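everything below, folded, please.
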Amino acid sequence: MHTAVSHVPPEPMRRDGCTSDNWTKAPWNRWGFSHVRELAHTARISRGVGPVWEFPRRPLPLDELAVAHDTGAFTLTAALQAVYTDAFVVLHRGELVYEWYEQQVRPDRPHLIMSVSKSLTSTLLGSLIGDGLVSVDGRVDEYVPALRGTAWKGATLQHLLDMSAGVQFDEDDYDNPESDGILIEQVSGYRPLRRDDLPPDTAAWIRSLPPQGTHGDRFQYRSIITDVLGWVIEEVTGQRFADAFSERIWSRIGAEHDADVIVDAKGFPTVEGGMCVTARDLARVGQLHLQRGEVRGEQVIPAAWTDHPLHGNDTLRAHMETTGSEQGHEYYHDCWWVFDSARGLYAGHGINGQHLFIDRATQTVIAQHSTTPFPLDFPLLAFGTDVVMRVLDHFAGG
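From the prediction side, this is the model:
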């Protein structure tokens, strides 16, 4: 299903009728994505007590920037409205040059970032790799004893990072209410558990998954794979994911606000799609990567880990060619979608229009929160990518 790109701005947020059962669906998601603490079980990710990483401000008049589309010409403002944007933050060369918010969105309120959470989880894993606590070649069942003898046996962390673990999980159709990708919402804490034939918690579902193929033989997008990375992080650190992320990332990058992560009934963190952050703080994560892991003289994550997504190979490219890419990605690696490895252009993506773009060529970071009516709306996603590329072209002098 998809929504036609229109010059008519979408309806404003609707709080009336929004419940813990329907908040991820339109039209209530426009309110729900910014009020997750009130609708789901969450764990707080503390920003700590240190100073905020402030960016110099150099406002640029981008509102009227021309954006072309087959339905006609748009201004940047109109284009952002057309793709159901809630927040749009642009950093260029370390300066805050543009911010746009839907009129009812508060810049200080965390917003669900769906699968951009995967990219943040990978960022935290880089900290553990830097400290020698894990290796991308390490076996999952060695880090998580509960997974010994399961379909995860023999899978490495790199298999998880590249979505190539050989386990069966159906997430190909978000319009199918019986698909695993939709049913897991009840298990992982997005909404109440209503069916008694589902696993009682995320860990149980992970352990129960049957094998499918061989680890590393193909790419298939399955969000539950990233949840296993969250499990590894908790086992290795001896901390809750929220506390480990706070200690190693959030409190060290000068985040402006606390963040949140959705947890299931037993406290298992939904790291594949349940993190909630403000747009400015999401942009700070992008700037962390753009600066190769360094913030104000401190190396938060290894520089080599920020370079790693851009070190693709023929296998990764072949995997992407086999599955196809609606957005023109070169490959998927380390929980990042790489558009152009030579240019250094890559992104974290989440359904309903969540994005974090990093472009080394123009030294630009773009963080975007959205609430499209349908999870995977390819016409809107394609136009949304065109909008971002238009902004990047502007900085490239195009």
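
contacts only, for Tyr84.
Counting by Cβ atoms under 8 Å, 6 or more residues apart in numbering, Tyr84 touches 10, 30, 352-353, 370-373, 380. Where C-beta positions appear, they are placed from N, C-alpha and C, glycine not excepted.

tell me which of those fall in strands.
Ser370 (DSSP state E).

for Ala68, state which of the contacts of Tyr84 is nearest.
Leu380 (15.7 Å; Cβ to Cβ).

wait, the closest one touches Gly353, no?
Yes: between Leu380 and Gly353 there is a contact under Cβ atoms under 8 Å: 6.8 Å.

Leu60: neighbouring residues, count only.
Leu60 sits with 15 neighbouring residues when counted by other Cβ atoms under 10 Å.

name the nearest residue to it, ignoring sequence neighbours.
Closest residue in space to Leu60, ignoring its immediate chain neighbours: Val97 at 4.6 Å, by Cβ to Cβ, 6 or more residues apart in numbering.

assign that neighbour to helix, strand or coil.
Under DSSP: H, G, I helix; E, B strand; the rest coil, the three-state class of Val97 is strand.

got it, and Asp260?
At Asp260, secondary structure determined by three-state DSSP is strand.

make 739 the first number, not 1, from now on.
Sure thing, new numbering starts at 739, so read that last one as Asp998.

now tell me which helix or strand of this protein has the poorest mean pLDDT.
The weakest-scoring helix or strand in the chain, judged by mean pLDDT, DSSP states H and E, is helix 1052-1061 (a mean of 88).

next one: the helix or strand following that helix to chain centre, how far?
Remark: after helix 1052-1061, the chain's next helix or strand is strand 1069-1071, criterion DSSP states H and E. The chain centre lies 14 Å from the centre of strand 1069-1071; the measure is Cα atoms, centre = their mean, to the nearest Å.

need phi/psi at the nearest residue to Phe812 once chain neighbours are set aside.
Nearest non-adjacent residue to Phe812, counting by Cβ to Cβ, 6+ apart: Val805, 4.5 Å away. In terms of degrees, to the nearest 10, the main-chain angles of Val805 are phi -130, psi 120.

next: Pro1007.
Note on Pro1007: backbone dihedrals following degrees, to the nearest 10 are phi -80, psi 130.

so for the closest residue in space to it that isn't next to it in sequence, what's the pLDDT?
Computed as Cβ to Cβ, 6+ apart, the closest residue to Pro1007 that is not its neighbour in sequence is Phe979, at 3.9 Å. As predicted, Phe979 sits at a pLDDT of 98.

put the alpha carbons of the strand or helix carrying Thr1044 into CSV.
Here Thr1044 sits within helix 1041-1045, counting by DSSP H and E. The C-alpha trace of helix 1041-1045 is given here as CSV (Å, rounded to 0.1, in the frame of the first residue of the first chain):
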residue,chain,number,x,y,z
ALA,A,1041,37.7,5.4,14.2
ALA,A,1042,38.1,2.1,12.4
TRP,A,1043,34.5,1.1,13.4
THR,A,1044,33.1,4.3,11.8
ASP,A,1045,35.0,3.4,8.6
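
list the buried ones in that helix?
Buried residues in helix 1041-1045, counted by 16 or more other Cβ atoms under 10 Å: 1043-1044.

how far off centre is it?
Relative to its chain's centre, helix 1041-1045 lies at 18 Å (Cα atoms, centre = their mean).

give the contact list for the residue nearest in space to the middle of the chain.
Computing the C-alpha centroid of the chain and ranking residues by Cα atoms, centre = their mean puts Val854 first, at 0.4 Å. With contact set as Cβ under 8 Å, 6+ apart, Val854 has these partners: 1013, 1020, 1086-1088, 1092-1094.

which residue ranges of the protein form helices?
767-770, 814-820, 854-868, 878-881, 895-899, 918-926, 940-946, 962-975, 979-983, 1017-1028, 1041-1045, 1052-1061, 1116-1134 (DSSP state H).

where does pLDDT dip in this protein?
Scanning the chain for pLDDT under 70 picks out 739, 745, 1062-1064, 1136.

for the helices of the chain, give me a markdown table that also has distance to Arg782.
Shown next, in a markdown table, are the helices of the chain (distance: least, Cβ to Cβ, whole Å):
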| stretch | distance to Arg782 |
| --- | --- |
| helix 767-770 | 19 |
| helix 814-820 | 30 |
| helix 854-868 | 15 |
| helix 878-881 | 25 |
| helix 895-899 | 26 |
| helix 918-926 | 18 |
| helix 940-946 | 19 |
| helix 962-975 | 16 |
| helix 979-983 | 6 |
| helix 1017-1028 | 14 |
| helix 1041-1045 | 26 |
| helix 1052-1061 | 35 |
| helix 1116-1134 | 30 |
